[in-house]
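In: Pasting the sequence and the predicted model now:
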Amino acid sequence: SSDVCSSDLFPSHDTNMDLDFQGLINLNDSLPRFQFKAVIDRADLFALNLYPKPLSICGRADIDFTGKNVDDLKGSIELTDFEIKANDTLLPFRKLIASSQLYPGGNRKISIQSGVVDGEINGKFKLAQIPALFKNYALYYSTNKQNERMDTLSPMDFSFRVVVFEPGELSKLLHPNFYLIRNSYLNGSFNSSNHKLQFELSVPEIQFSGITYNGVKLKYNSEDNAVEGNLLLKGLQGKTSKSPLVENIALSMNYNSERSAFAYALHAEQDSAKNSMNLSGLFSTDLKSIQTTLTNSSVELNKSLWKIKEGSEIYYSKKYLNTKNLILENQSRRLFITTTHPTDTSTNLEIDLSSIKVGDFSSLFDKSSNVYFGLADGSVEIRNLFSKPSYLGNLYISNLGVNKDTLGNLSLFSNIENLGIVTGK
C-alpha cells in the first residue's frame, strides 16, 4: 500500500474515533508532511491509548506541519469549536492555535494561543529531553544522587512563558479537586551549561481539596552553586473556617555548597498577635526523602515562645518519619516529640508533655474569646501515623478552668478502641 494518502473526504467511523478527513498525509519524503482538515465528532483518547485517564474530544482541526518527531516539527495546528470531556466535566475551547517554528542556528519557538491559556518556549532546546533535563538539574543539587545524572543530553538555553486567563474547569484535568488559577503567570529562562534557572510565578487565588490560598508568589534563581528562592502564601483558608487557618507563610532558601544542603528560613503565622512559627536550618534531599537539622527555630503559641532545641533532626520519606532530639521548651515546660518504627514502613509518633499550660494550645482549637487555664502532664501517642491512625493517651490536667471558673483536676485516658474519662474531680 502507498504511504501517501489523499482524499477529498476520508471518513472514519470507528467506535472510538468518528471523524471526516480531507487533505494529504505524505510519509514518503525525508520529512513527512501532514496537511489536512478534519471534523472530529468524537475521539476517545483513553480507549485509543493516547491518554491515561478517560478523556474524549470533538471539534474541528486544521493541521499543516512537517516533521518526523517532536524536535523537528514545523507548522501549525488550529482547533476551533473544540470540546474536551473528562468524566462528567465538559470543557469548551472556542479556538486554540499551536505553532512550531525552526530558525537558523538551532533555535526554535513553540507557542500556544487560546482564550484560556497562552504559552511559549523560545531558544535552543530539545522538547523530548526537557523532562530529563530538569531531573538532571534536581540531581545536581541533591546530596546522594549526582552519580545518576545523564551526560548525553543536548546543551539547552531557552526562555518560557505561561499565562492562564480564565480556565473554568480546565484545571480539573490536572486534579479533580483543583480550582481557581485564573489571571496567573509563569515567566522564566534556563541555561543548562551553568545550571542557570530563573523564574517568577504569581497566582492570585488557588483552591485545592477545599483549601484556598489567597495569593501565591514564588521567585527562584540559581547559577552553579548559588541558589536563592522566596515563596509567599497568603490567606490559607479551609472550606468551613470563617478565619484563615494560616494568615501568611514565607519561605526563603539558599544553597550551601560546602554542606551540600539548603539553608532555609520559614515563617508562618496563624494570628499575628498570638500564633506563629519560625524555622531555620539546613535540609538535604535525594529526591525520595528529606532530612533537616533545625537551628535557631521557635514556635509562638498564644504569645508564649517555645524554642526548639538546637540540632533537632527530622527525616521524612514516603510514609516514614524519624525525629532525633526534637524538643520544644518554654522555661520549665517541655514538649518531647519522638518516633518509633514497629516495621520499616510504619511510624508511631509520641508527644510527652511536662507542665504544659492548657491556654498555650487552646487557641489552636477554639477560636472564641474563651480563656482556658490549667497545667497538663503525660503523653499522647499516635500509632500508624500514615495509614490508619489510632490514639493512646494518658494525661493529667491540674486546676483546669475556663474564663474565671475552675473545673478542678482531670485525668484522661484513651486507647485504641475508645476514648474515655477515667477519673475527674
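Out: On my side now, so go ahead.

In: Surely residue 134 is within a helix?
Out: Yes: judged by DSSP: H, G, I helix; E, B strand; the rest coil, residue 134 forms part of a helix.

In: Tell me which helix or strand residue 354 sits in.
Out: Using DSSP states H and E, residue 354 sits within strand 348-357.

In: Parallel or antiparallel, which strands does that strand pair with?
Out: strand 333-340 (antiparallel), strand 372-383 (antiparallel) (DSSP bridges).

In: Can I get these in TSV including distance to residue 205?
Out: Placement of C-beta: from N, CA and C, glycine included. Supplementary listing: those in TSV, determined by distance: least, CB to CB, whole Å:
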stretch	distance to residue 205
strand 333-340	34
strand 372-383	33
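
In: Would you mind telling me which of those is nearest residue 27?
Out: strand 333-340 (60.1 Å; CB to CB).

In: Buried residues, that closest one. List them.
Out: Residues of strand 333-340 classed as buried by neighbour count (16 or more other CB atoms under 10 Å): 333, 334, 335, 336, 337, 338, 339.

In: Tell me what the residue positioned nearest the centre of the chain is bridged to.
Out: Nearest to the mean C-alpha position of the chain, counting by CA atoms, centre = their mean, stands residue 208 at 10.2 Å. When bridges are called by DSSP bridges, residue 208 pairs up with residue 178, residue 211.

In: same question, residue 375
Out: residue 357, residue 398.

In: Is it in contact with residue 355, as I believe?
Out: Yes: using CB atoms under 8 Å, residue 375 makes contact with residue 355 at a distance of 5.5 Å.

In: So for those two, which sits in the more crowded spot?
Out: Neighbours per residue (other CB atoms under 10 Å) separate residue 375 from residue 355, with residue 375 holding more: 17 against 13.

In: so how far is residue 405 from that one?
Out: Distance of residue 375 to residue 405, computed by CB to CB, to the nearest Å: 17 Å.

In: Run through the strands of the stretch 1-150 of the chain in chain order.
Out: 4-13, 17-26, 33-44, 56-66, 74-86, 89-102, 108-114, 117-124 (DSSP state E, counting those that start in this stretch).

In: Tell me which of those lies nearest to residue 134.
Out: For those, the distance to residue 134 is smallest for strand 117-124, at 12.8 Å, taking CB to CB.

In: re the thing from before, tell me who's in contact with the residue nearest to the centre of the chain.
Out: Applying CB atoms under 8 Å, 6 or more residues apart in numbering to residue 208 gives the contacts 175, 177, 178, 179.

In: Which one (most neighbours) among the residues you listed?
Out: When neighbours are counted by other CB under 10 Å, residue 179 leads the contacts of residue 208 with 19 neighbours.

In: quick one, what contacts that residue?
Out: Residue 179 is in contact with 169, 171, 172, 206, 207, 208, counting by CB under 8 Å, 6+ apart.

In: And for residue 414?
Out: If you count contacts by CB under 8 Å, 6+ apart, residue 414 has them with 391, 392, 393, 394, 420.

In: Return the set of buried residues in the strand or helix carrying residue 408.
Out: If you go by DSSP H and E, residue 408 is part of strand 405-414. By neighbour count on 16+ other CB under 10 Å, the buried set for strand 405-414 is 410, 412, 413, 414.

In: Ok, stretch 304-315 next?
Out: 304, 306, 308, 312, 314.

In: give me phi/psi at the last one?
Out: If I follow you right, that is residue 314. Main-chain dihedrals, residue 314, degrees, to the nearest 10: phi -130, psi 130.

In: Now for it: which residues touch it?
Out: Counted by CB under 8 Å, 6+ apart, residue 314 has contacts 291, 292, 294, 321, 322, 323, 324, 326.

In: mind checking the end-to-end distance for stretch 202-210?
Out: The first residue of stretch 202-210 is 20 Å away from its last residue (CA to CA, to the nearest Å).

In: likewise stretch 125-135?
Out: End residues of stretch 125-135 are separated by 15 Å (CA to CA).

In: what separates it from the chain centre, distance-wise?
Out: Its chain's average C-alpha position is 20 Å from that of stretch 125-135, according to CA atoms, centre = their mean, to the nearest Å.

In: Can you tell me what sits against that stretch?
Out: 69-71, 108, 110, 121, 150, 153-154, 156-158, 190, 192.

In: out of those, which are buried?
Out: 108, 110, 121, 156, 157, 158, 190, 192.

In: Most widely separated two among these?
Out: Farthest apart among the buried ones among the contacts of stretch 125-135 by CB to CB are 110 and 192. That separation is 17.6 Å.

In: beta partners for residue 203?
Out: Bridge pairing for residue 203 - DSSP bridges - gives residue 216.

In: I'd say it and residue 214 touch.
Out: No: judged on CB under 8 Å, residue 203 makes no contact with residue 214 at a distance of 10.0 Å.

In: Show me the shaky parts of the chain.
Out: For the chain, residues meeting the criterion pLDDT under 70 lie at 1-14, 50, 143-150, 180, 237-245, 271-274, 363-365, 367, 416-425.

In: Isn't residue 327 up against residue 310?
Out: No: at 9.9 Å, residue 327 does not count as touching residue 310 under the criterion of CB under 8 Å.

In: now the contacts of stretch 125-135 as TSV including distance to residue 262?
Out: Below are these laid out as TSV (distance: CB to CB, whole Å):
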residue	distance to residue 262
69	37
70	34
71	33
108	34
110	32
121	27
150	23
153	24
154	28
156	24
157	25
158	25
190	19
192	21
